[in-house]
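Asker: All I have is the shape, not the residue letters:
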């Protein structure tokens, strides 16, 4: 067996790719947890704010519409500045 035949492990580019992917997954998980956190506190929120469930659900709808509406501008920014910078900026 020669030195060229021995496995050397993942390249630095592969490790960096996995690190960027891991950061993106973590940012997505945080975003999902923040969007669904109101569902856990819905009963307390309705009594505290004195609103019914339909008004409370309006918060979730507005948040979803805002998220959907930002897809195009953020896509343009990703094309302009790159995904790494946008993910890092989104974590701030």
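Answerer: Everything's here; your move. None of these values were measured; they are calculated from a predicted model.

Asker: buried ones in stretch 42-49?
Answerer: residue 45 (16 or more other Cβ atoms under 10 Å). Quick note: C-beta positions are derived from backbone N, CA and C, even for glycine.

Asker: Run through the neighbouring helices and strands of the longest helix along the chain.
Answerer: The single longest helix within the chain, with elements called by DSSP state H, is helix 12-40. Helices and strands touching helix 12-40, by 3 or more Cβ pairs under 8 Å, 6 or more residues apart in numbering; DSSP states H and E, are helix 53-69, helix 83-90.

Asker: same for the longest one, what does it pack against?
Answerer: Contact analysis of helix 53-69 by 3+ Cβ pairs under 8 Å, 6+ apart lists helix 12-40, helix 42-49 as its packing neighbours.

Asker: After that helix, which helix or strand is next?
Answerer: Using DSSP states H and E, the helix or strand that follows helix 53-69 towards the C-terminus is helix 71-81.

Asker: elements contacting that following helix?
Answerer: With contacts taken as 3+ Cβ pairs under 8 Å, 6+ apart, helix 71-81 sits against helix 83-90.

Asker: what is the mean pLDDT for the helix it packs on?
Answerer: Helix 83-90 carries an average pLDDT of 88.

Asker: got it, and stretch 24-37?
Answerer: The average pLDDT within stretch 24-37 is 83.

Asker: for the protein, which residue is closest to the average position?
Answerer: The centroid of the chain falls nearest to residue 28 when counting by Cα atoms, centre = their mean (2.2 Å).

Asker: Quick check: that one vs residue 67, distance?
Answerer: To residue 67, residue 28 is 12 Å away according to Cβ to Cβ, to the nearest Å.

Asker: And for residue 53?
Answerer: Distance of residue 53 to residue 67, computed by Cβ to Cβ: 21 Å.

Asker: Repeat that for residue 80.
Answerer: Taken as Cβ to Cβ, the span from residue 80 to residue 67 is 20 Å.

Asker: ok, now residue 13?
Answerer: On the measure of Cβ to Cβ, residue 13 and residue 67 end up 32 Å apart.

Asker: what do you get for residue 14?
Answerer: Distance check for residue 14 against residue 67: by Cβ to Cβ, it reads 31 Å.
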